[in-house]
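Asks: Model the structure of this input:
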Amino acid sequence: MTAAPVVKVSERDVPADRRRGGEVRVLLSPRTVGSTSGFGGTLVLDPQEYVCEHTHPYSEEFVYVVSGAVVLRIGDEEVEMAAGDAAVVPVGERHRIRNPGSGPARAVFHLGPLAPRPELGHVDLEELPAPGTGPASRVGGAR
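Replies: Reported below is the predicted structural model:
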């Protein structure tokens, strides 16, 4: 059996996705490294930023807080998480993550297994507020 080549992906080489809030960078995925069982990356949330509520119909999501603190809401339960804490979001559960603090928060996430098609993997349940409509208007980017 021939070993597959090692593929390294650097966070600085992956553009940030801000469509759902925060700064999400998918580092390891079928597109970037040819993964077949899941994908993962990093999330940076500035103070008071959040990632909109969503669900993953085919995948569970693992979240590990690297620095700062976040509140992970799964269903109706809120879990306060600090650096060094990890949690799992069960398949199909609605969830949202926010930074309630005054400094940035950084987390690492992984989802698996993969959905049958990429467009089936993530279902948005809320949208970011329009720019200028309140304190969360800093969240996300242009659509």
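Asks: quick one, helices of the chain?
Replies: Counting by DSSP state H, the chain has these helices, from start to end: 30-33.
Asks: In it, where is pLDDT below threshold?
Replies: 1, 130-143 (pLDDT under 70).
Asks: same thing but 50
Replies: 132-143 (pLDDT under 50).
Asks: quick one: the strands in it?
Replies: Along the chain, the stretches classed as strands by DSSP state E are 23-28, 39-45, 50-55, 60-67, 69-74, 77-82, 86-89, 95-98, 105-112, 123-124.
Asks: And those strands: which comes nearest residue 15?
Replies: Nearest to residue 15, of all the strands of the chain, is strand 23-28, at 7.5 Å by Cβ to Cβ. Backbone N, C-alpha and C define where each C-beta goes, glycine included.
Asks: Give the other helices and strands that that closest one contacts.
Replies: In terms of contacts (3 or more Cβ pairs under 8 Å, 6 or more residues apart in numbering; DSSP states H and E), strand 23-28 is packed against strand 39-45.
Asks: Strand partners (parallel or antiparallel) of the strand it packs on?
Replies: strand 23-28 (antiparallel), strand 105-112 (antiparallel) (DSSP bridges).
Asks: among the strands of the chain, which is the most enclosed?
Replies: Most buried of the strands of the chain, by mean neighbour count (mean count of other Cβ atoms under 10 Å): strand 95-98, with a mean of 22.
Asks: strand partners of that one, parallel vs antiparallel please.
Replies: strand 50-55 (antiparallel), strand 69-74 (antiparallel).
Asks: so can I have CSV of the ones you listed showing distance to residue 89?
Replies: Below are the strands paired with strand 95-98 laid out as CSV (distance: least, Cβ to Cβ, whole Å):
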stretch, distance to residue 89
strand 50-55, 9
strand 69-74, 5
